[in-house]
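Novice: Structure for the following, please:
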Amino acid sequence: MSPLKVWLKRYLTSLEQKSASPYTIKNYGTDIGQFLDYCAEQGQTTLASINRQLLRSYLAELFEAEYARASIARRVFELRAFGDYLVRARAWEQNIFRQVYAPRLPRRLPHYLTHEEVALLLAVPDTGTPKGLRDRAILETLYASGVRVSELAGLNLDDVRLGTGEMRVIGKGDKERFALLGRPAVAALHAYLEVGRPEQAGKRPTNALFLNRFGGRLSVRSVDEIARRAGVAAGIEQTVTPHLLRHTFATHLLSGGADLRVVQELLGHSNVATTQIYTHVTPRHAREVYLRAHPRAKQPKVG
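Specialist: Predicted coordinates:
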């Protein structure tokens, strides 16, 4: 076994000792091994022979072979982690791999539901049953407030103020903020609290807002499953998740003219740049704005 592969084997063993998943270990072994094979092909068989130019040449070959940018970026990140290990093991004085930048990935626009799809989704739960009242309240709350699924599952009874349409939410980093609720969400929550929840409550009282069939707090996984099943029942092609409803909340607010900073506050984002990914507009909305705003967009037709 070559000296380079010996170091790779040691690194993979260290990952295994840290309880890394077999999938991760396999991927790291394959991808880093591919680079080490390239090094050997270039006649570089020791750690001391690896330099920035060698790595750049390797990445250039991956580009020429039309590897996906995400795949190339993953390899750079894996090599950086390997280099950090070599520094900790004192095999290197500095991590050469951190001298090369990973290719920038295009920022993907988040998916979202149309107004029509939201209406179909919210009509799915059977509000003639306690479970249906709960599910309707959950879907209405997710869309109305844009809260994270963990935030919704963690809500308690005293966090909700139906009179003012507000909810106290504990977000990332234990940061507290207030989320807002529209009239439909308030009505759905009121119906659930009046009829649905009392029938679901078990013998041991709990302060949790949303309950499972045993009377305990509903889990994040269960909320996710409720959204997914409702999406299927509504005939929506894309998979509906609580996070998709969060995207939809932000997109509909911004498309309706809401201020970016306000949406940032409602979403609980610490950085406005995170909120800016929702500032995409639909072709239909762009056309409406164009026809309303451009001075020559409404010229009479010729002929």
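
Novice: center of this protein, which residue is that?
Specialist: Centroid-nearest residue in the chain, with C-alpha atoms, centre = their mean: His243, separated by 6.5 Å.

Novice: for stretch 202-221, how far is the first residue from the last?
Specialist: 20 Å (C-alpha to C-alpha, to the nearest Å).

Novice: And that stretch, what's buried?
Specialist: Within stretch 202-221, the residues that count as buried by 16 or more other C-beta atoms under 10 Å are Ala208, Leu209, Phe210, Leu211, Gly215, Arg217, Leu218. In short, each C-beta sits where N, CA and C put it, glycine included.

Novice: Can you tell me which of these is closest to Gly268?
Specialist: Leu209 (18.0 Å; C-beta to C-beta).

Novice: one step back: give me the element the residue nearest to the centre of the chain is part of.
Specialist: Here His243 sits within helix 242-255, counting by DSSP states H and E.

Novice: Low-confidence ranges, the protein, go.
Specialist: Residues of the chain meeting the criterion pLDDT under 70: 105-110, 270, 274, 276-303.

Novice: Show me how far the helix holding His243 is from its chain's centre.
Specialist: Remark: helix 242-255 is offset 12 Å from the chain centroid, using C-alpha atoms, centre = their mean, to the nearest Å.

Novice: buried sites along that helix?
Specialist: For helix 242-255, burial by neighbour count (16+ other C-beta under 10 Å) applies to 242, 244-255.

Novice: what's the first-to-last distance across stretch 247-264?
Specialist: Counting by C-alpha to C-alpha, the terminal residues of stretch 247-264 are separated by 12 Å.

Novice: At which residues are the strands of the stretch 151-300 of the chain located?
Specialist: For the stretch 151-300 of the chain, applying DSSP state E, counting those that start in this stretch gives strands covering 160-161, 166-170, 176-180.

Novice: partners of the second one in the sheet?
Specialist: Each strand that pairs with strand 166-170, with its direction, by DSSP bridges: strand 160-161 (antiparallel), strand 176-180 (antiparallel).

Novice: Output the ones you listed in a markdown table; the columns should cover distance to Arg104 and mean neighbour count.
Specialist: Below are the strands paired with strand 166-170 laid out as a markdown table (distance: least, C-beta to C-beta, whole Å; neighbours: other C-beta atoms under 10 Å):
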| stretch | distance to Arg104 | mean neighbour count |
| --- | --- | --- |
| strand 160-161 | 42 | 16 |
| strand 176-180 | 32 | 15 |
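
Novice: Quick one, which of those strands gets closest to Leu8.
Specialist: strand 176-180 (46.1 Å).

Novice: Dump the closest one to CSV, keeping only the CA atoms.
Specialist: Taking Å, rounded to 0.1, in the frame of the first residue of the first chain, the C-alpha atoms of strand 176-180 are listed here in CSV:
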residue,chain,number,x,y,z
GLU,A,176,-37.9,34.2,21.3
ARG,A,177,-40.1,36.0,18.7
PHE,A,178,-43.8,36.5,18.0
ALA,A,179,-45.5,34.9,14.9
LEU,A,180,-48.7,36.2,13.5
